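# here's my sequence, what's the structure:
(chains A and B)
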Amino acid sequence: MAQWQEVQSLANAYLEQVHQLYAGAALPMVVRQCLAAWIENQNWRQAAEPLSSHARMLFHSLLALLGEHLGSPGLGGEDFMLKHNLRKACRDLQAEFEECPENFANLVANLLQEERRILRLGQAGTQGKATPAPSTPPESDREQQIQRRLAEFHVALQEAERAFRHLDDLQEAFDFCYKVHYLPGEDRTSDPQYAQQVQALEAKLQILDRQRWEVLAQIQQLLGRSETLRDFLLQELEAWRERQQHACLGAPVDTRLRPLETWFTELGQGLFQLLQLLRALGDLQRKVTYERDPLKAETPLLERRLQELLTYLLKSAFVVEQQPNMPNACKRPLVLRTASKFSARARLLVRLHDRNHRMEAKIHIDRDPPKIKGFRKFNILTSSSKTLLAGDNPQDGLVCDFQYLTLKEQKDSRSGKGSKGTGEGPLAVTEELHLITFTLAYAYCGLELELETSTLPFVIISNNNQLSSAWASILWFNMLSSNPKEQHFFSSPLPAPWPRLAEVLSWQFESVAERGLSKEHLLMLAEKLFGSKPSPESTVAWPKFSKDSASGFSFWAWLDGILGLLQEHLKQLWKDGLILGFVSRKQEKKLLKGKRTGTFLIRFSESILGGVTCTWVEHPETGPPAFRAVVPYTAAELASLALPDIIRDYQLLVEENIPENPLQFLYPNTARDEAFGPYYSQRQEGNLMEQKKYLNRRLIRVSSRQANESWQTEEELVAATENLEMLQLQPSGLGTQQPGGLAPLQPGGSGTMQVMAVSPGMLQPGGSGMLQPGPHGLEPSQQPQVGSGVSEMLQPGARDLEPQPVGPGGSGPLQPAARDAGMPQPVLGPVEPVLVPNGLETLPPELRDLELVPGSPDMQELLRSLAEGLEPGSGMLETLEAAELMPDVLEAVDRGLEGLGPRLESSAALLDPCDPFLPQPEDTALPTVTSLFTATDIPSLHIDANDFQ
Amino acid sequence: TGAIGLYNIGQSCCLNSLLQVFLMNIHFTGILRRITVPPRAVQKRKNVPYQMLLLLEEMQCSKQKAVSPVDLAHCLSVYKVKLFVQHDAAQLFLTLWNLIKRQMKNPELAGKLSDLYTICVQEQVACQKCLFETKRNSSMLTLPLPVLDANSHMLKTLEDCLQCFFHPEELTDQNMCFCEQCGRKTPFLQSMKLVHLPQTLTIHLKRFCFEKSAHIHKLSHYLPFPQDLDFNAILTENQCQADDNEKAAWQYELFAVVAHSGSTNCGHYCAYIRSLTECKWYCFNDSEVCQVSWDDVKCTYGHSNLHWGQTAYLLIYMKKHPQ
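Modelled structure (predicted):
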């Protein structure tokens, strides 16, 4: 906007200053207003210099323009007053300045300068008041400074260009006079007129010389200011780099490049413009030069300084926008797998280029490989060069985008690795750091440069199981190394200061499950690492973090196991803060001690990888409070039953006692259902057609208390509905389990139902995750009867009681196919077939401890009566367990048996309403029924029940 | 504004920068204004203080953005300060100052000028064998600070440079001196103690080094200097020879920076000066003057990768509490 217009839009307080400015000025405001644009476009400052003919010319131009204005028809009668004022102004000006137009030029220059000062004040004032624009994020001070300086830079540049044009005019005028009047060949020393002309010529040269110095001084000034601006931009870029590095580690930071790109481009543009100006100055000097011509000495100097500045700016402006990253890498960039695709992108923040110049970008891997023994060498399989196309859309910027890259190890690259090992051994694969370097052949305005930039170091793995430790390396490097090209880093990795490590670990949780680690969490982790409270100076060594595995796994492996568990199964609970998570045993007791019986908390297991468990407190009538913890659940179990559902249905089987859920209140004091209600899965109902055939099942978790009350057992039973001729039960933790393998089911004979404990995951030989025997806090290491897993309870499908066999008719033993069909990798222990004849007396003791599950008193009473009333021989009901089978498992079984296709809607898992033995309490059955009606158009519960009665 | 530029009248950027530093210093102009005007025109033309005063008056009366120091330049050329020649700012400062002082006829004023700029130190050499000490008081106009330490490593801050400057030096081997008491050449310890600091303290950063060849090159590395400088925090008790009263006054703040850009044989000077009346920074590039911020001054810290940019060469600190 033109200056005068801006001045007029100032706030009143500042307008008052403008009025005062013009009140005493010899230039009436009416003239300023009338010729606003013209006045602003002239270089009054230069004209004001003594001996300048420029002032006279401007003065007369002004009078002429005013004359034109007065004579123009546009000014109608209504502007009579205006016309009058203008005419008067014209006369006054002429009278006052005719003899000394320089004074007039000086006056105008000062007025304009003063206007600009008021304008700055005014605009700063309004910005200060009216900035809070809600839509745009608040700019930092530094951002505002940069914007302001960029604007100032452009104004100064325009002034320099104006000064240059003036110089050009002066030079042309001088040149003309020189050619016309200066005649050195002839001897005209006697001619007084000639002497006069030569004198005038000398005066003109004086002016020219001064103008040359003037332009140079302006450019010096401009360069000085642009150096400050450059420093500002580089500081911002450095801050961005740091943010990007943190973002790679999962920190929630802003890594947008757009503001930087805009600033770099604006400054680059300005500097290139200045370069052109300097070159034009050089041209002027070639046309006219003289002794001690400042342009001759100073221009090359300025050009070198400017080129150095531009080169530095451009080199800094070439950045890796996107670090190497495999798709689907779960927010873990910088870990690449051989033969897998990855992408990386570099950007030149100065969005200027020569359209006629072909800009070629190349990538190189490990251009300067470190001299590390056995350092693997890789080739980039896909094309490693690319022509940078200037997108039609200038908004796209100058981007070198390399997608679908793959790496392949050079065959002989590892020769010597491990062999003839003298001195330092080679680095582990996951500690080997590699770099990709981008290069770009840049040319613009005659400046040709080879730009280059490197990615952050990355780790190349060949197998997914290296991912976790590779990521640990990436964390460690980016947390500690100040040199992004330090490929030797892991030859002697620095220890991590605890506060720094704590922050980075917290980011891991934040990026996986949107909630970082609290102070208490970090304290627990620190105590785990240091054995005591950390001091701010505490450091963790790299081997301690990633390698030491006294407990079978390193600290990082343990933490990463938990991250994996969170990611897969517990995201929401963690995010909502329901998982206390990192609580030491000691702390756990301290927390729970004062709480009422049934208060529990959820924490991560410290003894098994990726395990979560609940600990609750009981206050016996005598003695100290007891703390019980259930064997940790791992991803395998949680895949079949979500943690909130486990908590909801968890049962503790106590001898001669009603099974009960000991988990009543979430620490500190929230009723279980209140805390977890929103997370319970709907008890899904299924196809009634199927239900005619089967009783419904529900999977729950139970623990049984051994007769000796030593809290050693947790059993997880799978119960399936079938005839009860045979019942096989196996406590799962018998130590014979083979991690990772699927033990074949032993044939149970036809018509045999097997109840087996499914114990997914690996049980540590140490019997980890067991219930603790009391307050000693020691985990018993040999407790063969302890197991963990899913308990699938048998539905009372007793043939003798039922007119109709319920369940998969004539089903044989569970087939491994059942697992194939969808069991989430449970490890089936070798089933010890415990044949359960019809007589109750043969029931294994473990089974006697089993109690029926659904919490309804009816059911329990029924079952108790059954258990009590059973006579030898009457053998109808050995174990009647009604449970909602875990849908997946049930389905798997079903599918395995019947070859049903896996379909979600068929995963019926609710208390079978058809079963007369099952309770139909309001709270469970009724909603089921209603939902049944709505969900499917199938006969009501009522009808089903009739079928059985 | 009170800041007026000076036209470059032919490689006069160095002179211009120094003149601005002199004339923006109100303590200096306070003395300058009291000089006696030489009676005759010829004397007037040849009198440096008088020509400076004229220039000062011209600058203060000027409505122009800059004035030309041409008369002063001619006056100086009488004393072999040539125009159209690249000067070294530190050298030219000494030359100018000495000319001004010498031509101040009033001894009281000359004394005041000395007081305003003179640093007093005590040089000591001590024989390491017999511990015989020789002390000598001397005064200087600038503290010529090295920017490299004894092992040619770059010093990191101005404070480091000061510490290095006042660090005692052992004179051994071929540097041994003759001890009168021992009657032979012995190793000596040479040290310097600070006795007095003036109101206007000029620090000269020796940003150049002589390599093996005769070629001098500029050291442009990063060397930050503070706005506030407290000598008591920098020097140890041993490095001072002053009473508490004197030491209490060793609190300085930065007043001006004379910065150089380019290489040793061709370059440009400009001056960053903090107006003592307005407390605002200005940058003087010959005829161009603009108000700047501390960030712009910080730009003269230097940069190891940029050899043509501006780097601080002279630092002028001003006592915070004039005595």
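# the lengthiest strand in chain B: which residues count as buried?
Secondary structure of chain B per DSSP state E: the longest strand is strand B:251-262. When neighbours are counted by 16 or more other C-beta atoms under 10 Å in any protein chain shown, the buried residues of strand B:251-262 are found to be B:Gln251, B:Tyr252, B:Leu254, B:Phe255, B:Ala256, B:Val257, B:Val258, B:Ala259, B:His260, B:Ser261, B:Gly262. For the C-beta atoms, the positions are set from N, CA and C on the backbone; glycine is no exception.
# could you measure from the fourth one over to B:Arg33?
In this view, B:Phe255 and B:Arg33 are 19 Å apart by C-beta to C-beta, to the nearest Å.
# please apply the same query to the fifth one.
B:Ala256 sits 20 Å away from B:Arg33, taking C-beta to C-beta as the criterion.
# could you do the first one as well?
Note on B:Gln251: its distance to B:Arg33, by C-beta to C-beta, is 27 Å.
# the third one too?
Using C-beta to C-beta, we find B:Leu254 at a distance of 25 Å from B:Arg33.
# equivalent analysis for A:Val108, please.
Relative to B:Arg33, A:Val108 is positioned 33 Å away (criterion: C-beta to C-beta).
# about what we covered before: if we check chain A, which of the buried residues of strand B:251-262 are in contact?
When the buried residues of strand B:251-262 are checked against chain A using C-beta under 8 Å from any C-beta of the partner chain, the ones in range are B:Ser261, B:Gly262.
# what does chain B put close to chain A?
Among all residues of chain B, those adjacent to chain A (criterion: C-beta under 8 Å from any C-beta) are B:5, B:7-11, B:63-65, B:84, B:261-262, B:266-268, B:270, B:283, B:285-288, B:290, B:292, B:295-296, B:298-299, B:305-310.
# buried subset of those?
The neighbour-count test (16+ other C-beta under 10 Å) marks B:5, B:7-11, B:64-65, B:261-262, B:267-268, B:270, B:283, B:285-288, B:290, B:292, B:296, B:298-299, B:306-310 as buried among those.
# sitting in strands, which of the residues you listed do you find?
The strands in this structure, assigned by DSSP E, contain B:Gly5, B:Ser261, B:Gly262, B:Gly267, B:His268, B:Cys270, B:Cys283, B:Asn285, B:Glu288, B:Cys290, B:Val292 from these.
# could you dump those to a markdown table with distance to A:Ala2 and pLDDT?
What follows is these, written out as a markdown table (distance: C-beta to C-beta, whole Å; pLDDT from 0 to 100):
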| residue | distance to A:Ala2 | pLDDT |
| --- | --- | --- |
| B:Gly5 | 27 | 91 |
| B:Ser261 | 35 | 91 |
| B:Gly262 | 38 | 88 |
| B:Gly267 | 39 | 88 |
| B:His268 | 34 | 92 |
| B:Cys270 | 32 | 94 |
| B:Cys283 | 28 | 94 |
| B:Asn285 | 28 | 92 |
| B:Glu288 | 24 | 91 |
| B:Cys290 | 22 | 90 |
| B:Val292 | 27 | 92 |
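# centroid-nearest residue for chain B?
The centroid of chain B falls nearest to B:Thr202 when counting by C-alpha atoms, centre = their mean (3.3 Å).
# A:Leu302 versus that one, what's the distance?
Shown here: B:Thr202 relative to A:Leu302, a distance of 28 Å by C-beta to C-beta.
# same question, A:Pro327
From A:Pro327 to A:Leu302 the distance is 49 Å (C-beta to C-beta).
# what about the two, which has more around it?
Neighbour count, other C-beta atoms under 10 Å in any protein chain shown: between A:Pro327 and A:Leu302, A:Leu302 has more, with 25 against 10.
# per-residue confidence at that one?
The predicted structure scores A:Leu302 at 92 on the pLDDT scale.
# which helices and strands does the helix or strand hosting it pack with?
Here A:Leu302 is covered by helix A:294-317, with elements defined by DSSP states H and E. If you count contacts as 3 or more C-beta pairs under 8 Å, 6 or more residues apart in numbering or on different chains; DSSP states H and E, helix A:294-317 packs onto helix A:192-248, helix A:258-287, strand A:447-454, strand B:251-262, strand B:267-274.
# if you set the cut-off to 10 Å instead, what comes out?
Under the contact criterion of 3 or more C-beta pairs under 10 Å, 6 or more residues apart in numbering or on different chains; DSSP states H and E, the helices and strands touching helix A:294-317 comprise helix A:192-248, helix A:258-287, strand A:342-348, strand A:436-444, strand A:447-454, strand B:251-262, strand B:267-274.
# pick the most buried one from those.
Neighbour counts (mean count of other C-beta atoms under 10 Å in any protein chain shown) averaged over each of those peak at strand B:267-274, with a mean of 26.
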